[in-house]
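Trainee: Next come a sequence and a model predicted from it.
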Amino acid sequence: MPDTLDPELRRALAARIRYYNEMGIYDFYRRETRGEVAETAVFDAVAASIHPESREEMSPRKAAAVAVAVEGNIFEVLVPKPEHGVSDPAKALKIIREDLGDCTRCPLHKQGRKQIVFGVGNPATDLMFVGEGPGADEDRQGEPFVGRAGQLLNNMIKAMGITREQVYIANVVKCRPPGNRTPEREECETCSPFLMRQIAVIKPKVVVALGAVAAKTLLAMNSSMAQLRGRFYDFKPTGVGSSDPNWDGCKLAVTYHPAFLLRDPRQKGEAWKDLQMVMKELGLAAPRANA
Ligand code: SF4
């Protein structure tokens, strides 16, 4: 922790970290960006000074809430969306993208985004990956997971015996948070209905939430990664019905964000266990080493 850290900045960082902790977020990781190491190092140091265990992402932590699967909300009013009744998922995704437009719904639209990063991949896939939000590379290229973390995700997908082109990849927020900070609750709440609509038209068999923000947003649960991982959840996108009456939701698994795995490669084995659970569910076999 630098001795020269401005007390005002320290107070602001501490307040921000407490806010995330109240949301149940204890895992802080650093997406790779050039020239921002000093800033994130300060952030880590403040986090550690408030919750020393926040530096060690794998240690079990006190959960803010009990981990239970989300049940359908019987009081929820489902307003038909423009893509409702469109059976072709590619067309339905296009309608959702058009509805998103040049979005100004949350503060991230005026915080330096270059473009909206909607999602990429096979609209008719059985497997979806959901991350947190675009980083610098993604913001520049308009595609999720294209930086170093994206390369690791590609390798994880390859290890499952499939390709990036066979899955669909999206994020909770579609605009880059400045300085690659964690998206605010308001930003996640404002943007995630579009993600829910994407899931509802793709109708995957399995969604893999990459990291705490994706997991907590999708499951509306406030638990640590240690508690969220290692099991399947029955998942149905909230606030939107699928146009397919035969689709009754999917399974959701939680694993580490690839950016976290870059920071702590020791946890790759744990992530692989999560992916093996997903492979079993989808009937996928890992490719042979010499294949
Ligand atoms: S993050 Fe989502 S809600 Fe916010 S401005 Fe971007 S597209 Fe709109």
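Mentor: Cool, got the structure. Numbers count the residues shown, from 1 in each chain.

Trainee: What parts of the stretch 151-291 of the chain come near the ligand?
Mentor: V173, K174, C175, E187, T190, C191 (CB under 6 Å from any ligand atom). The way it works is simple: take the backbone N, C-alpha and C, and place the C-beta from them, glycine included.

Trainee: Hmm, the fourth one is touching V173, no?
Mentor: Yes: the pair E187 / V173 is scored as a contact, 5.3 Å apart, by CB atoms under 8 Å.

Trainee: anything in contact with each of these two?
Mentor: By CB atoms under 8 Å, 6 or more residues apart in numbering, E187 and V173 have these common neighbours: C106, L108.

Trainee: Any of the residues of the stretch 151-291 of the chain next to the ligand buried? List them.
Mentor: Neighbour counting over those (16 or more other CB atoms under 10 Å) leaves V173, K174, C175, E187, T190, C191 as the buried ones.

Trainee: Now do the same contact list for the closest residue to the second one other than its chain neighbours.
Mentor: In this case it means K174. Nearest non-adjacent residue to K174, counting by CB to CB, 6 or more residues apart in numbering: I116, 4.9 Å away. I116 sits next to L100, D102, C103, G142, K174, C175 when contact means CB under 8 Å, 6+ apart.

Trainee: One more: P178?
Mentor: With contact set as CB under 8 Å, 6+ apart, P178 has these partners: Q111, G112.

Trainee: Now do it against S192, distance only.
Mentor: 19 Å (CB to CB, to the nearest Å).

Trainee: hang on, the earlier thing: any idea which of the buried ones among the residues of the stretch 151-291 of the chain next to the ligand is closest to A212?
Mentor: V173 (13.9 Å; CB to CB).

Trainee: Just the pLDDT for the residue lying closest to the closest one once chain neighbours are set aside.
Mentor: Excluding the flanking residues, the one nearest V173 by CB to CB, 6+ apart is G133, at 4.1 Å. pLDDT for G133: 98.

Trainee: Ok, G241 next?
Mentor: The model's pLDDT for G241 equals 76.

Trainee: Just confirm it contacts E83, I think it does.
Mentor: No: G241 lies out of contact with E83 (CB under 8 Å); the separation is 10.9 Å.
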